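*Asks:* Pasting the sequence and the predicted coordinates here, then a few questions.
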Amino acid sequence: MRVLIVTVGTWGDVAPYLGLGLRLQAAGHEVALTTHLRFAEAVLTHGLHHHPLPADPWHEIRSPHGRRLARAATAPVKLGRALRHFQSFLPRLTDGVLEAVRQGADVLLASSLADPLCRPVAEALRVPCLGAYLQPTAPTGAFAPLALSGCRSLGPRGNLLAAHALRSLTSHAFAPAVTRLRRQLDLPLRHRGATGRAPRSKVIYHGFSPVVVPRPRDWPAELQVCGYWWPPRPTGWRPDSRIVDFLRAGPAPVFISFGSFAGAEATELSALVAEALRTAGMRGIVQSGWSGLHVEGDDILTVSEVPHDWILPRTAAVVHHAGAGTTAAGLRAGVPAVPVPGQLDQYFWADRLVAMGSAPTCVPHQRLTAPLLADALRRAVGDPSYRARTGRIADRLATEDGAAPVLAALTRLGP
């Protein structure tokens, strides 16, 4: 079966689908990944097909608009700015999705952001479209909607009402692009409810663990929580001798990575990280990431890309932006965390880490200071209960096979 996976966003929005795609390929399916050109090499070197999407997320995040989004003080402001910015390049994304599907597919697997664009294409070309999400975006009373993460829970009824309101808002944000696409495909403009509604898939597979986010009881049966889709290591990767020598030279260091988040000037953030490590009396490995961090010293090493499944088990704790993928990697490695969220769903994953006892506290990026970070690190490393609890979570994650439900679904669909 020809499987086309469509995803939009940063590397964290791509890497899990690369892992899922390799599992599907190993089972005999022909897999193509439709995503931004920046990630083409990573896709192709693992033997999957790649179809390009326009827009470069690195440039978008580091643009003046991206910086303003990162500095937004409240969740509603963040959401509004994100939707306005996303709308600006939705027509180009729509054209990219259509071109990719026209090259041939028997089934589409769509990420949450790509799903409203994939549905009309799948309808026109008469191929099944299944959701393959990395975040729990469906309305539920179990927790506040992700776009309002960082805010207080509104209670079961309030959470559900807020989630439906936000879903309607985001649907309308997609409406112009979806309407244009349906006209282009000669499809009737038969949106449900308000004009311009952009429907999503009814059957959705979620690539995170029920240990981390238990499946909400009020979700319909078609929404499944499968387990994580673990990214592969880069083909031919070997650790740099500098990293190996640094690890051997002293106690296990803290690993610090803000991934694709770029909410502060690199010089300022680098200095803050260095001061926090000195204050806490800890060694550190700092990943430069999209923030462009650079911190050097006898007890601090700056690195570029390094696979999380290799480096994290060798560390005392991990400081990260609480992206879905990095959160999962830290739990898989069994190391305590200090989450520093800065965007939308990152607050949700940070709250989960604290609730599960894997992190002592959450330090929002907008309030990050060297003393706060140093204090959180002392607690995460100094109290063995955080590592013990995270280790138990890691043991449970090791028993899961997140790709199995997706493979079963393809078997049911296939000839």
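*Replies:* Looks like it arrived, so ask away.
*Asks:* Please count neighbours and contacts with C-alpha atoms only from this point.
*Replies:* OK.
*Asks:* what's the burial count for the nearest residue to residue 98 once chain neighbours are set aside?
*Replies:* Leaving out its chain neighbours, the residue that sits closest to residue 98 by C-alpha to C-alpha, 6 or more residues apart in numbering is residue 121, at 6.3 Å. Close neighbours of residue 121, defined as other C-alpha atoms under 10 Å, add up to 25.
*Asks:* tell me the secondary structure for residue 121?
*Replies:* The assignment at residue 121 comes out as helix when based on DSSP: H, G, I helix; E, B strand; the rest coil.
*Asks:* how near is it to residue 53?
*Replies:* Going from residue 121 to residue 53 by C-alpha to C-alpha, to the nearest Å gives 15 Å.
*Asks:* do residue 36 as well
*Replies:* Residue 36 sits at a distance of 4 Å from residue 53 (criterion: C-alpha to C-alpha).
*Asks:* before we move on, what about residue 145?
*Replies:* Residue 145 sits 28 Å away from residue 53 when distances are taken as C-alpha to C-alpha.
*Asks:* hang on, the earlier thing: I figured the residue nearest to residue 98 was touching residue 96, is that so?
*Replies:* No. Counting by C-alpha atoms under 8 Å, residue 121 does not reach residue 96; the two are 11.2 Å apart.
*Asks:* low-confidence ranges in this protein?
*Replies:* Applying pLDDT under 70 to the chain picks out residues 58-89, 149-151, 190-199, 260-264, 415.
*Asks:* Look through it and tell me its longest strand.
*Replies:* Longest strand of the chain, by residue count under DSSP state E: strand 30-36.
*Asks:* what does that one contact?
*Replies:* Defining contact as C-alpha atoms under 8 Å, 6 or more residues apart in numbering, one finds that strand 30-36 is touched by 1-9, 14, 17-18, 21-22, 24-25, 43, 48-57, 97, 100.
*Asks:* next one: stretch 12-28
*Replies:* Under C-alpha under 8 Å, 6+ apart, the answer for stretch 12-28 is 1, 5, 7-8, 30-33, 35, 39, 43, 46, 48, 134, 207, 228-232, 260, 323-326, 403, 407.
*Asks:* Run the chain-centre distance for the lengthiest helix in the chain.
*Replies:* The helix that spans the most residues within the chain, counting by DSSP state H, is helix 155-184. Mean-position distance between helix 155-184 and its chain equals 20 Å (C-alpha atoms, centre = their mean, to the nearest Å).
*Asks:* The protein: strands as residue ranges?
*Replies:* 2-6, 30-36, 49-53, 107-110, 129-133, 204-206, 223-225, 254-257, 284-287, 300-303, 317-320, 337-339.
*Asks:* Which stretch among those is buried most, on average?
*Replies:* Ranked by mean neighbour count under mean count of other C-alpha atoms under 10 Å, the strands of the chain are led by strand 337-339, which reaches a mean of 31.
*Asks:* what helices or strands is that strand leaning on?
*Replies:* Judged by 3 or more C-alpha pairs under 8 Å, 6 or more residues apart in numbering; DSSP states H and E, strand 337-339 is in contact with strand 317-320, helix 344-355, helix 370-382.
*Asks:* in its sheet, what does it sit against?
*Replies:* strand 317-320 (parallel) (DSSP bridges).
*Asks:* Contacts for the strand it pairs with, please.
*Replies:* Against strand 317-320 from outside (C-alpha under 8 Å, 6+ apart): 253-259, 312, 326-327, 330, 335-341, 377, 380-381.
*Asks:* With stretch 293-303 instead?
*Replies:* Stretch 293-303 has contacts (C-alpha under 8 Å, 6+ apart) with 243, 246, 266-267, 269-271, 273-274, 282-288.
*Asks:* Quick one: which of the residues you listed is the most crowded by neighbours?
*Replies:* Highest neighbour count within these, by other C-alpha under 10 Å: residue 284, with 30 neighbours.
*Asks:* Hmm, residue 141 and residue 155 touching each other?
*Replies:* Yes. With contacts defined as C-alpha under 8 Å, residue 155 counts as touching residue 141 at a distance of 6.9 Å.
*Asks:* out of these two, which sits in the more crowded spot?
*Replies:* Ranked by neighbour count (other C-alpha under 10 Å), residue 155 and residue 141 place residue 141 first, with 21 against 13.
*Asks:* domain assignment for the protein?
*Replies:* Per automatic domain parsing, the domain ranges recorded for the chain read 2-228+400-413, 241-397.
*Asks:* number of nearby residues for residue 29?
*Replies:* Neighbourhood size, residue 29 [other C-alpha under 10 Å]: 16.
*Asks:* So it sits against residue 1, correct?
*Replies:* Yes. Contact criterion C-alpha under 8 Å: residue 29 and residue 1 qualify, at 5.0 Å.
*Asks:* and residue 399, how far is that from residue 226?
*Replies:* Distance, residue 399 to residue 226, by C-alpha to C-alpha: 12 Å.
*Asks:* neighbour count winner among these two?
*Replies:* Counted by other C-alpha under 10 Å, residue 399 and residue 226 do not tie: residue 226 has more neighbours, with 22 against 9.
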